[in-house]
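In: structure for this input, please:
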Amino acid sequence: MLFDINYVPFSRRGRFLTLSMMRVPGRDGERALYLRHVAGGDERPSLGRLCRVEFLDAEGKTATPEPVLSPERLDARIGEGMVSFVIGEGERLHISGKQAGVRFHLEGSRYDYVYRTPKGEDCLVAAVENVKFIPRAITGELKVTGAWQRDHSEDVSFSFSAPDVFEGNVDFFRTVPPVDRPGRFAEALSGATSEFAEWYARVPKGVRGQEEAHRLASYLLWANGVPAGGALTRPAIYMSKNHMINIWSWDNAFSALGVAAFDQDLAFDQFAAIFDHQDASGLLPDYINDRDVLYAFTKPPVHGWAVSLIAAAEPGFLTAERKCYLRDAVGRQVDYWLTYGRKDAKSLPSYFHGNDSGWDNATFFAEGGPVISPDLPVFLILACETLADLLEDDAERQTMWRQKADELQALLFERLWAGETFGARLAQAPERVLPGNNLIQFMPLLLGARLTPDMREKLVVRLVAGGFITEWGPATESPQSSFYEDDGYWRGPIWAPTTLLLWDGLRRQGKIELAYAVAEKFCSLASKSGMAENFDARSGKGLRDRAFAWTSAVYLVLAASLSMRAG
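Out: Purely as a prediction, here's the structure:
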């Protein structure tokens, strides 16, 4: 069962409001369902935790529910009874129940409190989370508790219950309560059901027999969406509403690829949400959320490659306005790496930290940085080609971008080709190839015809013989490597973005059957283990955050390619 609330949060597109399982502070690993508001990013220890949710049986005693998750609702079955949740308009939670009850315990910060509004409603304030909420009962009983203690309230909670059935709702807001009428549970359920159904109907077909995985991937790209506001200049797809509640500046390109076939506006928004914060130097932030924009790190420049893939598949994507925006943004991005990422025009650019490479703790950063790795010049070459072929109508500038691409290619082949493969090197010791046997050496396959036949064949032979492509897909560090770790983050596990990059590289080298084998393995993996952040390359087990957007996006892209091939 892939739709499992133990791993997959319940939310809705364009909302911060989320219900998900989290560890209970101070209870030795115990987990419980929490009501959350995931604005503010993932640097907060609370991750938006507001209230621990406790379920009650027909007699009012604490009970353990049997949860059932679907895109439009979350049900908690309690014996013969049930409590159901739906997210309605705005940040509003609708709740209904029969022969059961539910209690929400505010577990927040030092200054949390509850007060009575001028309209006579109880308002709870989660101070550090910067959220207020007002619960209301339509039928049944609403009980709000909270003992005032000098400057805060203790034991704050609210509960809904009734001898037979109840219905209520909770409004969440920052400043003053919304003025629109709350509506009813059935109305909210109808709206959520229709919205997801309309979204899902536009998603390209997937692999026969993998319907649940296809639906889960579609749901996560929908449910991980948050609204524009604050630092978010556009509607954004967060990586997750579990832990990774940001949008990172290479993750966004994969999210765009995942939705481009059925929502080109949203795809463009994923690029622009990051590029809107591009520094004058061309540097992109590491991540953004509604509150923060972080420049301590950046991410690899995959955006030119991603734009070219979308433009090839969706010719209408590059409107005149989008061409102008992306031409300038991607051009500045290339200029940043060529100006600030290297010593001079005779050098290759380097990553200063593993986080800049996107492969955070990969083996080629075991000795620190800066590191010259083969993927960075490849991405820049592809960006230059995109700028020349798709985004420029000026012959002089076309020539300039193609010349930059040719110069980078010459440096790549001269400095990083080691006779059998491309190696990463320390910028301060470029004569030595760094240890490790990682997948990054195969990123030059993306260069297509720019790669020599000898390089192509040697790379493909090394890829297959080196044990990289396991039963479940391409491991980021070969299981044959002494550095390999089953749950080593970028030291072994299978990741969606690197799988898609390798798949496209193999296609560009004419290795179609091997490319499809990689796609089939990854889709089977996701169908087995869900849309995890990454996967154990040997067992196929899902690791870390189990509800990831770029995994969902890559799954949909690869599943669509397999579906088209099958006819």
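In: for the chain, which segments count as helices?
Out: Under the criterion DSSP state H, the chain carries helices at the ranges 185-202, 211-223, 251-259, 264-275, 303-313, 320-340, 354-357, 375-389, 395-416, 453-465, 496-508, 512-529, 549-566.
In: among the ones you listed, which is the most enclosed?
Out: helix 251-259 (a mean of 28; mean count of other C-beta atoms under 10 Å). C-betas here are computed from N, CA, C, even on glycine.
In: what angle separates that helix from helix 549-566?
Out: Helix 251-259 and helix 549-566 are oriented at 30 degrees to each other (axes from the mean of the first three to the mean of the last three C-alpha atoms, to 10 degrees).
In: could you chop the chain up by domain?
Out: 17-194, 203-566 (automatic domain parsing).
In: export those to JSON lines and tack on mean pLDDT and distance to residue 8?
Out: Converted to JSON lines, these look like this (pLDDT from 0 to 100; distance: least, C-beta to C-beta, whole Å):
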{"stretch": "domain 17-194", "mean pLDDT": "95", "distance to residue 8": "6"}
{"stretch": "domain 203-566", "mean pLDDT": "97", "distance to residue 8": "5"}
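In: let's have the ones you listed in TSV, adding distance to residue 4.
Out: Below are these laid out as TSV (distance: least, C-beta to C-beta, whole Å):
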stretch	distance to residue 4
domain 17-194	7
domain 203-566	8
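In: right, so of the helices of the chain, which gets closest to residue 42?
Out: Comparing these by their distance to residue 42 (C-beta to C-beta), the top pick is helix 251-259, with 12.6 Å.
In: residues contacting the closest one, please?
Out: 217, 221, 236-237, 239, 247, 266-268, 270-271, 273-274, 299, 302-303, 305-306, 309-310, 496-497, 500, 549-550, 552-554, 556-557 (C-beta atoms under 8 Å, 6 or more residues apart in numbering).
In: only C-alpha atoms, please: export it in CSV.
Out: The C-alpha trace of helix 251-259 is given here as CSV (Å, rounded to 0.1, in the frame of the first residue of the first chain):
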residue,chain,number,x,y,z
ASP,A,251,15.1,20.2,-7.6
ASN,A,252,12.9,22.8,-9.2
ALA,A,253,14.0,21.8,-12.7
PHE,A,254,13.0,18.2,-12.2
SER,A,255,9.6,19.3,-10.8
ALA,A,256,9.2,21.4,-13.9
LEU,A,257,9.9,18.4,-16.1
GLY,A,258,7.4,16.4,-14.2
VAL,A,259,4.5,18.8,-14.8
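In: now the residue positioned nearest the centre of the chain: how far from residue 332?
Out: Residue closest to the average C-alpha location in the chain (C-alpha atoms, centre = their mean): residue 239, at 1.9 Å. Separation of residue 239 from residue 332 (C-beta to C-beta, to the nearest Å) stands at 24 Å.
In: then residue 504?
Out: Separation of residue 504 from residue 332 (C-beta to C-beta): 24 Å.
In: what's the closest non-adjacent residue to residue 560?
Out: Using C-beta to C-beta, 6 or more residues apart in numbering and skipping the chain neighbours, the partner closest in space to residue 560 is residue 204 (4.1 Å).
In: wait, what's in contact with the one you found?
Out: Taking C-beta under 8 Å, 6+ apart, we find residue 204 in contact with 261, 262, 556, 559, 560, 563.
In: and of those residues, the nearest to residue 82?
Out: Set against residue 82, the nearest of these by C-beta to C-beta is residue 556 (32.3 Å).
In: ok, the closest one touching residue 206?
Out: Yes. In this structure, residue 556 is within contact of residue 206 by C-beta atoms under 8 Å, at 7.1 Å.
In: need the residues touching each of those two.
Out: Jointly contacting residue 556 and residue 206 under the rule C-beta under 8 Å, 6+ apart are residue 214.
In: turn the helices of the chain into JSON lines, including distance to residue 71.
Out: Formatted as JSON lines, the helices of the chain follow (distance: least, C-beta to C-beta, whole Å):
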{"stretch": "helix 185-202", "distance to residue 71": "4"}
{"stretch": "helix 211-223", "distance to residue 71": "5"}
{"stretch": "helix 251-259", "distance to residue 71": "16"}
{"stretch": "helix 264-275", "distance to residue 71": "17"}
{"stretch": "helix 303-313", "distance to residue 71": "25"}
{"stretch": "helix 320-340", "distance to residue 71": "30"}
{"stretch": "helix 354-357", "distance to residue 71": "33"}
{"stretch": "helix 375-389", "distance to residue 71": "35"}
{"stretch": "helix 395-416", "distance to residue 71": "43"}
{"stretch": "helix 453-465", "distance to residue 71": "38"}
{"stretch": "helix 496-508", "distance to residue 71": "21"}
{"stretch": "helix 512-529", "distance to residue 71": "17"}
{"stretch": "helix 549-566", "distance to residue 71": "13"}
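In: off-centre distance for stretch 489-507?
Out: 16 Å (C-alpha atoms, centre = their mean, to the nearest Å).
In: alpha carbons of that stretch, in PDB - could you do that?
Out: Once non-C-alpha atoms are left out, stretch 489-507 reads as follows in PDB (Å, rounded to 0.1, in the frame of the first residue of the first chain):
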ATOM      1  CA  TYR A 489      22.800   9.400   1.000                       C
ATOM      2  CA  TRP A 490      25.000  10.200  -2.100                       C
ATOM      3  CA  ARG A 491      27.400   7.300  -1.400                       C
ATOM      4  CA  GLY A 492      25.400   4.500  -2.900                       C
ATOM      5  CA  PRO A 493      21.600   5.000  -2.900                       C
ATOM      6  CA  ILE A 494      19.600   5.400  -6.100                       C
ATOM      7  CA  TRP A 495      18.300   8.900  -6.700                       C
ATOM      8  CA  ALA A 496      15.700  10.100  -9.200                       C
ATOM      9  CA  PRO A 497      17.500  13.000 -10.700                       C
ATOM     10  CA  THR A 498      20.700  11.100 -11.500                       C
ATOM     11  CA  THR A 499      18.600   8.300 -12.900                       C
ATOM     12  CA  LEU A 500      16.900  10.700 -15.300                       C
ATOM     13  CA  LEU A 501      20.200  12.400 -16.300                       C
ATOM     14  CA  LEU A 502      21.800   9.000 -17.000                       C
ATOM     15  CA  TRP A 503      18.700   7.800 -18.900                       C
ATOM     16  CA  ASP A 504      18.800  10.900 -21.100                       C
ATOM     17  CA  GLY A 505      22.600  10.500 -21.600                       C
ATOM     18  CA  LEU A 506      22.200   6.900 -22.800                       C
ATOM     19  CA  ARG A 507      19.400   8.000 -25.200                       C
END
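In: ok, back up a step: tabulate the contacts of residue 204 in a markdown table, adding columns for distance to residue 98.
Out: Converted to a markdown table, the contacts of residue 204 look like this (distance: C-beta to C-beta, whole Å):
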| residue | distance to residue 98 |
| --- | --- |
| 261 | 41 |
| 262 | 37 |
| 556 | 37 |
| 559 | 39 |
| 560 | 41 |
| 563 | 41 |
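In: between the residues you listed, which is nearest residue 18?
Out: Closest to residue 18, out of all of those and judged by C-beta to C-beta, is residue 556, at 22.0 Å.
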